[in-house]
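Asks: below are the sequence and a predicted model for it; my questions follow.
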Amino acid sequence: MATNQTGSMGNIDFLDCPDAGISDAEICIVPLPFEGTVSYGSGTAAGPDSIIVASTQVELWDDELNYDLESLRYFTAPAIRPEPNEAADAYLKRVEVGVRELSGNGRLVIGIGGEHSLTPPLVYAAYRNNNDLNGLTVVQIDAHADLRETYEGTPQSHACATRRLTERGARVIAIGVRAISQPECEYGKSVSLVEIYRAQALAEKSGVEQTLLSQLRELHGDVYLTVDIDGLDPSMCPGTGTPEPGGLGWWQTLRILRAILLENRSRNLIGCDLVETVPQPNTQINEFTAARLLAKMIAYAKAPVE
Ligand SMILES: [Mn+2]
């Protein structure tokens with residue numbers, strides 16, 4: 001596969017749709033091949049390119065919505081790549097600055113990781129006041145709460161992503177959590193900003209999913225959506241840093257995304273991301289599941305509401 005001098009697959013467009021250029025684009029895809037703080041399984045740096053390649057095989061007709069994804073204008077931005085030996089905080093600051101430049105004009109900017117530590121700079125880039133996230137709701141699909149104060153010696157770890165956002169005042173709704181430490185539980189309870197829908201409760205307690213869906217349909221104000229692929233059941237996406245069993249099902253994930261993106265158009269979606277996909281040898285399931293999920297997110301966000 002040909003690569004340009006920056007190493008990104010500049011000749012491959014997301015969904016194989018023609019490149020509209022940044023100024024005309026309604027959807028901007030930003031590849032962020034970063035795995036600087038990954039703790040266990042590695043390989044998320046290869047995620048964005050693999051997902052963009054897989055996206056060229058995704059059906060563009062959304063049969064559920066009677067909607068043609070080809071009717072939108074896309075721009076696939078050059079990847080923002082870490083330099084050799086670049087410190088994580090320096091790279092993440094470059095992501096914030098670079099993504100802010102791609103924002104505007106009502107364009108939906110979607111970051112593709114890379115690891116979950118990318119979400120705070122993506123939120124800062126998208127929000128009007130990056131030091132004060134009061135008034136912002138972050139909807140997080142994730143196996144982990146990511147509420148640790150620090151992890152493996154760094155506050156920029158993927159395991160701390162949500163904590164950094166709540167510290168600046170963002171409200172968080174975490175969905176699909178099934179691995180959480182006691183200090184994270186206690187922190188979550190101590191701040192009124194965190195609401196956690198555990199995967200087990202969603203699977204086993206009647207009414208929990210309906211409560212969640214109603215809450216998502218009624219959210220208002222600014223909303224950022226972050227999807228850690230490990231929130232889904234690893235049968236669909238085993239290639240991820242920490243594959244936790246017992247995740248969200250495919251149709252359940254789509255019900256959740258539909259509630260926030262299609263059935264609630266009074267919220268203001270400021271941005272989204274999809275992180276933590278790791279391609280594996282001899283299978284395309286990881287990157288194809290991620291690409292299909294992105295296509296559904298875009299269709300739900302953009303299809304006309306009858
Ligand atoms: Mn995460």
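Replies: Cool, the structure landed.
Asks: for residue 75, which non-adjacent residue is spatially closest?
Replies: Distance criterion CB to CB, 6 or more residues apart in numbering; nearest residue to residue 75, sequence neighbours excluded, is residue 25 at 3.5 Å. Quick note: C-beta positions are derived from backbone N, CA and C, even for glycine.
Asks: to clarify, my last question referred to residue 272.
Replies: Spatially, and ignoring its direct neighbours in sequence, residue 272 is nearest to residue 225 (4.1 Å; CB to CB, 6+ apart).
Asks: wait, a strand at the one you found?
Replies: Yes - counting by DSSP: H, G, I helix; E, B strand; the rest coil, one finds residue 225 located in a strand.
Asks: can you name the residues bridging to it?
Replies: Beta-bridge pairing for residue 225 (DSSP bridges): residue 139, residue 272.
Asks: isn't it up against residue 269?
Replies: Yes - between residue 225 and residue 269 there is a contact under CB atoms under 8 Å: 6.8 Å.
Asks: these two: which is more packed in?
Replies: With other CB atoms under 10 Å as the criterion, residue 225 and residue 269 differ in neighbour count, and residue 225 comes out ahead with 23 against 18.
Asks: list the contacts of that one.
Replies: Listed by CB atoms under 8 Å, 6 or more residues apart in numbering, the contact partners of residue 225 are 138-139, 141, 257, 260-261, 269, 271-273, 297.
Asks: distance to the ion for these - can I get that in TSV?
Replies: Below are these laid out as TSV (distance: CB to the ion, whole Å):
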residue	distance to the ion
138	12
139	13
141	9
257	17
260	18
261	20
269	20
271	16
272	14
273	10
297	17
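Asks: ok, of those, which come out buried?
Replies: 138-139, 141, 257, 260-261, 269, 271-273, 297 (16 or more other CB atoms under 10 Å).
Asks: how near is the nearest residue to residue 81 once chain neighbours are set aside to residue 112?
Replies: Nearest-residue entry for residue 81: residue 33, 5.8 Å, with adjacent residues in sequence omitted and distances by CB to CB, 6+ apart. Distance, residue 33 to residue 112, using CB to CB, to the nearest Å: 9 Å.
Asks: tell me the secondary structure for residue 270?
Replies: Under three-state DSSP, the three-state class of residue 270 is strand.
Asks: identify the residues contacting the nearest residue to it once chain neighbours are set aside.
Replies: Take residue 270 and drop its neighbours on the chain: the residue closest to it by CB to CB, 6+ apart is residue 126, 4.3 Å away. Taking CB under 8 Å, 6+ apart, we find residue 126 in contact with 99-100, 103, 109, 224, 270-271.
Asks: now for these, which pair is the farthest apart?
Replies: Largest separation among the contacts of residue 126 by CB to CB: 100 and 224, giving 14.0 Å.
Asks: which one's more surrounded, these two?
Replies: Between residue 100 and residue 224, residue 224 has the larger neighbour count (other CB under 10 Å), namely 24 against 17.
Asks: quick one on the thing from earlier: among the contacts of residue 126, which one sits closest to the ion?
Replies: Nearest to the ion among the contacts of residue 126: residue 224, at 14.0 Å, using CB to the ion.
Asks: which residues of the stretch 101-250 of the chain lie near the ion?
Replies: Proximity of the stretch 101-250 of the chain to the ion (CB under 5 Å from the ion) is limited to residues 116, 142, 144, 146, 228.
Asks: from the ion, how far out is residue 87?
Replies: 21 Å (CB to the ion, to the nearest Å).
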